Structures are given as C-alpha cells and as structure tokens.
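Q: Mind folding the following:
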Amino acid sequence: MTRSGSSIILLPIAASFFEELGYDTQMLGELQRMEQEVFESRVKEKERELLQLQAQINPHFLFNTLETIESYAVKNNGEAVGEMVQSVSRMMRYNVRNDGGWAPVKEEMAYIRNFLNIHHYRNGKDVMAKFDVDSAAADIPIMKLSIQPFVENAIKYGWSPSMGAEEFLLTVTVELTEGTLHIDVRDTGTGIPAHILDKITRLIHSKGEIVDPYFQKHTGIYNVYRRFLLAYGDSADFRITSHPHQGTRAAIRVPYRRSQHSMSESSKKK
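A: Presented below is the predicted three-dimensional model:
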C-alpha cells in the first residue's frame, strides 16, 4: 500500500509472500517442538542420574547392620534382633519404594529415627536427638535420603561412645517460610576436621565442579550435594559450617514444591 497525493493505491502482494510466511510459521513450530523434546530428554536424564545417585547411598550400612543383628542373635537377644529387623526392613522399604525418589518430610524423619535406633544397638549407646518439624512442612515432598546423610555425618565426625549425654545433642529442624523449605541439621559435637571441611567448602563453592579425590571414598556429602543440584539447580542454597568442640551445622534452603514431579520447573530456571 502507498499514498499518492490524497489517494491510496493498493499494490498487489505476491502469493509467494504468504507461502514463505506459512513456511516460516511451520518451521518455527518445528523448532519449538524440537526444543521441547531436547528439554524433556534432559529432564529425564537428570531424573535417571538422581535415582542412580540415590541407589548408591551407603550400601555398607546394610552389611554392618546384618553383622550387628547376627551378633545379637548369637547372644539370644531376641528383643534387640526383632527391633533391628523391624527398623532395617522399614528403611529398605523406604529405599526401594517406587515413588520416583521423593517422599514427604515426615517419612524422611521416620527413616532417620530408624537409622538412630540401629545405631543405638550397633554402639550400645543412644545419641541424644531432637526433631523439630513444622506442621506445614511435614507433608512436603523432598528427595529421599536428603537429610539422613547429614545426620550420619554429624555422628561420624562429632560423636563418640565415650561422650556423656550432655556433650552431644543432634537437632533436626525443618520449616516452611515464604515458599522456601529450611532444613537444618546441627550438633554440639567435636566438629568436622579442618582439612575435610575445606574440601567440602571447595566442593560447594565450585558448584560441584571441583571434586577432591577424598569424595571417591567418602561419597555421602558429595552424593547428596549433587542430588540437590540436579533436583533444584541454582535455587538450592547449601551451607556447612563447623567449629572445633562446638559442633557442625548443615543448612539447606530449597523452594517449596507441591508435588515431587516438578524437576522440569528447576531445569527451566537453570
């Protein structure tokens, strides 16, 4: 269309223009479809890796527990054997359940209690533990075995059977605040050795890019950190602090999810 004086002249538009426009629209749709397929493929790959990492967690725990059960069985301590078998069966059921690797916070807490029960029989002494779970957070889905490794780590580095009841207190806190899930695992023990804390700090600061050979053998913290990155991407805030003879704190902040089938939401943010 052009204007000549006060009149308007309509110029013909070649049919090929509309054909090209249609072709471009079709091509754009095809590109969008391919982009979606690539995105979905990446999400599925992340989900597979997440489940593989979860399956790798602490296989030696089961073997050590079976040895403990055997030792109590030899002593004819049926009550202890019964309690340990019940605890380990609940833990295994939690591990292998077909739920995509996610479970409510309250079930992760139950898993930790079963873990501590077995630890009691293995060491002949209780670990003083306190659980403070916000009622609003109890049913929120989280990765299975995402809190327990920090409990195990606290006991590994901060507790010993020679400690009195007042020397070590383990506190697990889970709260929901303004759309963010706050997970804190604290202890009042001896603390993580400085050289190990340094390795963990460098791992976190590098977003998992710098992996010390130490983590090839001691996989717990690396494993759970990697899973948090896969599940939440940059939305996850992950911090570990420790001081000699004062204790250790693991603090995790992740966005609240209404269902466990939301890994795609995190992937879009990356």
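Q: any low-confidence regions in the stretch 51-200 of the chain?
A: Within the stretch 51-200 of the chain, the segments meeting pLDDT under 70 span 51-60.
Q: Now do the strands in it.
A: 102-104, 129-133, 141-143, 170-177, 180-187 (DSSP state E, counting those that start in this stretch).
Q: Give me the contacts around the last one.
A: Right, strand 180-187. 105, 137, 140, 142, 146-147, 150-151, 154-155, 158-159, 168-176, 247-256 (CB atoms under 8 Å, 6 or more residues apart in numbering). Where C-beta positions appear, they are placed from N, C-alpha and C, glycine not excepted.
Q: hey, which of the strands of the stretch 51-200 of the chain is tucked in deepest?
A: strand 141-143 (a mean of 22; mean count of other CB atoms under 10 Å).
Q: For it, which helices and strands make contact with it?
A: Contacts defined by 3 or more CB pairs under 8 Å, 6 or more residues apart in numbering; DSSP states H and E place strand 141-143 against strand 102-104, helix 220-232.
Q: So what's the gap between the longest one and the chain middle?
A: Helix 220-232 sits 5 Å away from the centroid of its parent chain (CA atoms, centre = their mean, to the nearest Å).
Q: Run through the neighbouring helices and strands of it.
A: Against helix 220-232 (3+ CB pairs under 8 Å, 6+ apart) you get helix 15-55, strand 141-143, helix 148-158, helix 194-205, strand 237-243, strand 247-255, helix 263-269.
Q: Between strand 237-243 and it, find me the angle.
A: Taking axes from the mean of the first three to the mean of the last three CA atoms, to 10 degrees, helix 220-232 and strand 237-243 form an angle of 160 degrees between their directions.
Q: which one of the helices and strands packed on strand 141-143 is the most hemmed in?
A: Taking mean count of other CB under 10 Å, helix 220-232 is the most buried of the helices and strands packed on strand 141-143, at a mean of 21.
Q: pLDDT of it, averaged?
A: Averaging pLDDT along helix 220-232 gives 85.
Q: Show me which residues of stretch 116-133 are buried.
A: For stretch 116-133, a neighbour-count test (16 or more other CB atoms under 10 Å) marks Leu116, Asn117, Ile118, His119, His120, Tyr121, Arg122, Val127, Met128, Ala129, Val133 as buried.
Q: out of those, who's nearest Ser89?
A: Ile118 (11.1 Å; CB to CB).
Q: and that closest one, how far is that from Thr68?
A: Between Ile118 and Thr68 the computed distance is 7 Å (CB to CB, to the nearest Å).
Q: Mutual contacts of those two, please.
A: Both Ile118 and Thr68 are contacted by Met84, under the criterion CB under 8 Å, 6+ apart.
Q: one step back: okay if I get the helices and strands packed on strand 141-143 as CSV plus distance to Leu203?
A: Shown next, in CSV, are these (distance: least, CB to CB, whole Å):
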stretch, distance to Leu203
strand 102-104, 24
helix 220-232, 6
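Q: Of all the ones you listed, which one is nearest Val85?
A: strand 102-104 (21.8 Å).
Q: Give the pairing partners of the closest one; include direction for each.
A: Here strand 102-104 has these sheet partners by DSSP bridges: strand 141-143 (antiparallel).
Q: now the contacts of strand 180-187: which count as buried?
A: For those, a burial check counting by 16+ other CB under 10 Å picks out 105, 137, 140, 142, 146-147, 150-151, 154-155, 158-159, 168-174, 176, 247-254.
Q: Could you check what's spatially nearest to Lys144, not counting adjacent residues?
A: Counting by CB to CB, 6 or more residues apart in numbering, Lys144 lies nearest to Ala103, which is 4.8 Å off, once chain neighbours are set aside.
Q: Okay, Leu203 and Gly233: tell me how far apart.
A: The value you get for Leu203 to Gly233, if CB to CB is used, is 17 Å.
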